[in-house]
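*Asks:* fold the following and give me the result.
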Amino acid sequence: MRNDHVVEVLNELIETCKDGEQGFQSCARHAESDELKSLFATRAADCSQAASELQTQVIQCGGRPASHGTASGALHRGWVALRSSVSRYDDVAMLEECERGEDVALDRYREALEEPLPPDVRSMVERQFHGVQRNHDQIKALRNRVGA
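*Replies:* Down below sits the predicted model:
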């Protein structure tokens, strides 16, 4: 696999991580419970760390790392802000939005893992994928618990 293709795949994941970071920050601002505010802030930091790790790998591949999220992520965050300003945005709805965002992240990581990545890059992407899966499962369990 060419380095420029590896850089492209990694930059897409960086954008995904940046979307997650900004989305979790937005949810932390709008969440009602202190538990969720803390969880969302921690997840935002995790996404930031994952993006940083991917950016370092892009540089090692000789590329220029992405530094921001996607347009669709910005639209989603705008929708979250709009919805919270015009209606009561409870913790269940916040968790549903986070779960939806993690669904997107899982899909993007799965797509990346379908690419023939170098072994060291694949190992890092797989590790991050498993972290996204854990986040998703935790968010879903909380949504089920809070929504019950």
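*Asks:* using the three-state scheme, assign residue 64.
*Replies:* Following DSSP: H, G, I helix; E, B strand; the rest coil, the label given to residue 64 is coil.
*Asks:* can you name every helix or strand that the host helix or strand of residue 13 contacts?
*Replies:* Taking DSSP states H and E as the criterion, residue 13 maps to helix 3-30. When contacts are defined as 3 or more C-beta pairs under 8 Å, 6 or more residues apart in numbering; DSSP states H and E, helix 3-30 packs onto helix 34-60, helix 71-86, helix 91-113, helix 119-147. (Glycine included, C-beta is placed from N, CA and C.)
*Asks:* shaky segments in the protein?
*Replies:* For the chain, the stretches with pLDDT under 70 are 1-2, 68-89, 148.
*Asks:* quick one: contacts for the residue nearest to the spatial centre of it?
*Replies:* With distances taken as C-alpha atoms, centre = their mean, residue 20 lies nearest the centre of the chain, 2.9 Å away. Taking C-beta atoms under 8 Å, 6 or more residues apart in numbering, we find residue 20 in contact with 43, 44, 47, 101, 102, 105.
*Asks:* what's around the nearest residue to the fourth one once chain neighbours are set aside, how many residues?
*Replies:* Ranked by C-beta to C-beta, 6 or more residues apart in numbering and with sequence neighbours excluded, the top spatial neighbour of residue 101 is residue 23, at 4.9 Å. Number of residues near residue 23 (other C-beta atoms under 10 Å) recorded here: 27.
*Asks:* my read is that residue 23 contacts residue 97, right?
*Replies:* Yes: the pair residue 23 and residue 97 passes the contact test of C-beta atoms under 8 Å, sitting 7.5 Å apart.
*Asks:* sounds good, over and out.
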